[in-house]
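Student: pasted the sequence and its predicted model underneath.
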Amino acid sequence: MTDEKFREDGLRFTAEVTGASVMPLKISGELCIGCCRCVNACQIDVLLPPEVPGEAPRVFYPGECWYCGACVMECPVPGAITLRHPLMNQAKFVEKKTS
Ligand code: SF4
Ligand code: SF4
C-alpha cells in the first residue's frame, strides 16, 4: 500500500508500508472512533491518519515503534489500541537467591 500526500507548501511525498518482524501495535476497527489522537501523539509517525475520516488510523511503520505508550495514553477509548511489547521488554530480571 502506498500513500501519497501533498504538504501545505505543495511538496508531494509518499509513504509505503514497511515489513517488520514484530507487529507491536494493533488498533481495533470496532472500538476506534477515528479521533486520531494517537496519530498526533506518536513522535515518529508510526501511525498515519486513515484514508477515510472517522476510520481507524493505519499502522504504517510498526518496526519503528519505540513502545513508549504515548498513543495508548492519549487514546480516549480503553482497549482500542493494543500495544504488544517485545518479549525482552516483558522480561523481569530478579536477583538470584543463593540460600
Ligand atoms: S508506542 Fe510510541 S512509538 Fe509506538 S506507535 Fe505508540 S506513540 Fe508511536
Ligand atoms: S486515539 Fe484511539 S480512538 Fe482515537 S484514532 Fe487512535 S485508536 Fe482510535
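Tutor: In hand now; what should we look at? Ligands and ions are numbered 1, 2, ... in the order given.
Student: tell me the confidence at the closest residue to Glu55 other than its chain neighbours?
Tutor: The shortest distance from Glu55 to any non-neighbouring residue, by C-beta to C-beta, 6 or more residues apart in numbering, is to Gly34 (5.4 Å). Just so you know, the C-beta spots here come from the backbone N, C-alpha and C atoms, and that holds for glycine as well. Gly34 is assigned a predicted lDDT (pLDDT) of 96.
Student: residues near Gly34, how many?
Tutor: 17 (other C-beta atoms under 10 Å).
Student: pLDDT-wise, which helix or strand of the protein ranks last?
Tutor: The helix or strand of the chain with the poorest confidence is strand 2-6; it has a mean of 68 (mean pLDDT, DSSP states H and E).
Student: quick one, helices of the chain?
Tutor: Along the chain, the stretches classed as helices by DSSP state H are 37-41, 70-74, 87-90.
Student: out of those helices, nearest to ligand 2?
Tutor: helix 37-41 (3.3 Å; C-beta to the nearest ligand atom).
Student: and this protein, which of its residues are near ligand 2?
Tutor: 27, 32-38, 56-57, 74-75, 77, 80-81 (C-beta under 6 Å from any ligand atom).
Student: specify which member of those residues is nearest to ligand 1.
Tutor: Lowest distance from ligand 1 to these (C-beta to the nearest ligand atom) belongs to Cys38, with 6.6 Å.
Student: what sits against that closest one?
Tutor: When contacts are counted by C-beta atoms under 8 Å, 6 or more residues apart in numbering, Cys38 touches 27, 47, 57, 71-72, 74-75, 81.
Student: also near ligand 1: which of these, exactly?
Tutor: Subset of those in contact with ligand 1: 47, 71, counting by C-beta under 6 Å from any ligand atom.
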